[in-house]
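Asker: no letters, just coordinates:
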């Protein structure tokens, strides 16, 4: 076979390919067929949100940021489309429903006008009613105060806040939380801190469609030094006459407190509520509260009341009494005799408890002499008139003690009574 045949044939093939390409280019450029094309990353723009809100409606979450569209047109027209100018518009002005639905988007920037959408794009959106709710503000504290300092319960102002937004989001919020971390702090903390909304599981709920009327809370955490001080009983009144306070016991005798450093520095003891012992004649038992001035607090676990015993003791007194002959009774005077005493004065001193001794008088001692102690003189059947020294008897009350007497004997003059003869007048 002639080798020129292959050489010539290859040349013909190459020429044919070139002609075919030229013809295809010509057909494309001159005939301009219709084609479709996908355009990605078309930005979604939301409009008329305020119109939707005026109807007390709102989105629950943002729709997708970008979508892909498919356009159809002549090749030459599609080549002229500037994808950078394209945007998909989500118009919320006509929405008056709640729930989740597919909503058509309007594509803007699609030029030339001969280029059309192959299909109108749709995206799902969820619409809720706008709801409001009041939730408490809670302060969550972590960490510890400094050694020897007590951290009081944190408070927030305001204590409650109003939230509003998409109903489904509002419904799951249970509280607003403000977080504070302590680092051995030794002074009161007062800060304005952001409020986070959380659900029942403690998860933070954040959304553009959930809002707070107040986003910050003023948090106050008092941190005070700790001190142990004695407790003193506040006693008012006086025991009854003859009684005195013979010691006071307090349980517990000391309490641990915390408070303003300026106050604790000058505070050495705490006073109880008043304990009235007016006219007391026995021990007084009382369970009384502790008086705390403003800025002073009991440590947790410390009792708010203490038990107080005021020991009341009766005093021991001495009393001097004078006994005269008018006070002394003469017992068992023999018949036909009379007994007299000269003016006498016997001093005696008694000692004992106040209630036993203070009421004693000369009369209450019942001083007496008893003539039954006298016997007739030897050889005599009757008493012999004369003066006799007889012991003085006294009735000393229980608990009283006679410690001194000027004379234990009394001289009694016994004389016979003169008889008057019948019919004879004196």
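Answerer: Sure, I can see it. Bear in mind the structure is a predicted one, so any value in this text is a computation, not a measurement.

Asker: ok, residue 389 - how many residues close by?
Answerer: Residue 389: 11 surrounding residues under other Cβ atoms under 10 Å. (Each C-beta comes from the backbone N, C-alpha and C, glycine too.)

Asker: name whatever forms a beta bridge with it.
Answerer: In this entry, residue 389 is beta-bridged to residue 411, by DSSP bridges.

Asker: for burial, what's the neighbour tally of the closest residue to residue 146 other than its chain neighbours?
Answerer: Leaving out its chain neighbours, the residue that sits closest to residue 146 by Cβ to Cβ, 6 or more residues apart in numbering is residue 186, at 4.0 Å. Residue 186 has 13 neighbours, counted by other Cβ under 10 Å.

Asker: can you pull the contacts of residue 186?
Answerer: 145, 146, 149, 223, 225 (Cβ atoms under 8 Å, 6 or more residues apart in numbering).

Asker: with residue 74 instead?
Answerer: Contacts of residue 74 by Cβ under 8 Å, 6+ apart are 32, 33, 34, 35, 114.

Asker: out of these, which comes closest to residue 418?
Answerer: Among these, residue 114 lies closest to residue 418 (Cβ to Cβ), at 174.5 Å.

Asker: the closest one - that's part of a helix, no?
Answerer: No - with DSSP: H, G, I helix; E, B strand; the rest coil as the criterion, residue 114 is assigned coil and is not in a helix.

Asker: tell me the phi and psi of it?
Answerer: phi -70, psi -20 (degrees, to the nearest 10).

Asker: looks like it contacts residue 72 (just checking).
Answerer: No - the pair residue 114 / residue 72 is not scored as a contact, 9.8 Å apart, by Cβ atoms under 8 Å.

Asker: so which of those two has more stuff around it?
Answerer: residue 72 (16 against 13).

Asker: which segments of the protein make up each domain?
Answerer: Using automatic domain parsing, the domain parsing of the chain gives 3-128, 130-224, 226-314, 317-416.

Asker: quick one: end-to-end length of the second one, please.
Answerer: For domain 130-224, the separation between the terminal residues is 45 Å (Cα to Cα, to the nearest Å).

Asker: same question for the shortest one.
Answerer: Distances were taken as Cα to Cα; on that basis the terminal residues of domain 226-314 are 42 Å apart.

Asker: now that domain: average pLDDT?
Answerer: For domain 226-314, mean pLDDT rounds to 96.

Asker: tell me how far it lies from the chain's centre.
Answerer: 22 Å (Cα atoms, centre = their mean, to the nearest Å).

Asker: strands of the stretch 151-300 of the chain, residue ranges please.
Answerer: 155-157, 160-166, 175-181, 189-194, 196-198, 210-212, 216-221, 223-236, 243-251, 254-259, 269-276, 284-291, 296-298 (DSSP state E, counting those that start in this stretch).

Asker: output those strands as CSV; include the columns distance to residue 340 and mean neighbour count.
Answerer: Formatted as CSV, those follow (distance: least, Cβ to Cβ, whole Å; neighbours: other Cβ atoms under 10 Å):
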stretch, distance to residue 340, mean neighbour count
strand 155-157, 94, 16
strand 160-166, 102, 19
strand 175-181, 102, 18
strand 189-194, 98, 13
strand 196-198, 110, 20
strand 210-212, 112, 19
strand 216-221, 95, 18
strand 223-236, 57, 16
strand 243-251, 44, 14
strand 254-259, 72, 20
strand 269-276, 56, 16
strand 284-291, 55, 15
strand 296-298, 78, 17
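
Asker: and of the ones you listed, who's closest to residue 368?
Answerer: Closest to residue 368 of the strands of the stretch 151-300 of the chain is strand 243-251 (Cβ to Cβ; 33.3 Å).

Asker: give me the contact list for that closest one.
Answerer: Strand 243-251 is contacted from outside by 231-233, 235, 239, 272, 277, 280-281, 306-315, 354, using Cβ under 8 Å, 6+ apart.

Asker: quick one, it and strand 223-236 angle?
Answerer: 160 degrees (axes from the mean of the first three to the mean of the last three Cα atoms, to 10 degrees).

Asker: quick check, distance from stretch 166-183 to the centre of its chain.
Answerer: With Cα atoms, centre = their mean as the basis, stretch 166-183 stands 23 Å off its chain's centre.

Asker: kindly report the same for stretch 103-112.
Answerer: 63 Å.

Asker: same question for it, mean pLDDT?
Answerer: Mean predicted lDDT for stretch 103-112 stands at 94.

Asker: cool, and stretch 370-378?
Answerer: Here the average pLDDT along stretch 370-378 is 75.

Asker: for residue 268, what are its contacts?
Answerer: 229, 230 are the contacts of residue 268 under Cβ under 8 Å, 6+ apart.

Asker: mind running it again at 7 Å?
Answerer: Residue 268 makes contact with residue 229, according to Cβ atoms under 7 Å, 6 or more residues apart in numbering.

Asker: go on, residue 53?
Answerer: By Cβ under 7 Å, 6+ apart, the contact set of residue 53 is residue 130.

Asker: surely it forms part of a helix?
Answerer: Yes - counting by three-state DSSP, residue 53 is part of a helix.

Asker: and the gap between it and residue 283?
Answerer: When distance is defined by Cβ to Cβ, to the nearest Å, residue 53 is 77 Å away from residue 283.

Asker: ok, now residue 131?
Answerer: Taking Cβ to Cβ, one finds residue 131 at 67 Å from residue 283.

Asker: tell me which of the two has more neighbours.
Answerer: More crowded of residue 131 and residue 283, by other Cβ under 10 Å: residue 131, with 17 against 14.

Asker: what comes up buried for stretch 325-332?
Answerer: 325, 327, 328, 330 (16 or more other Cβ atoms under 10 Å).
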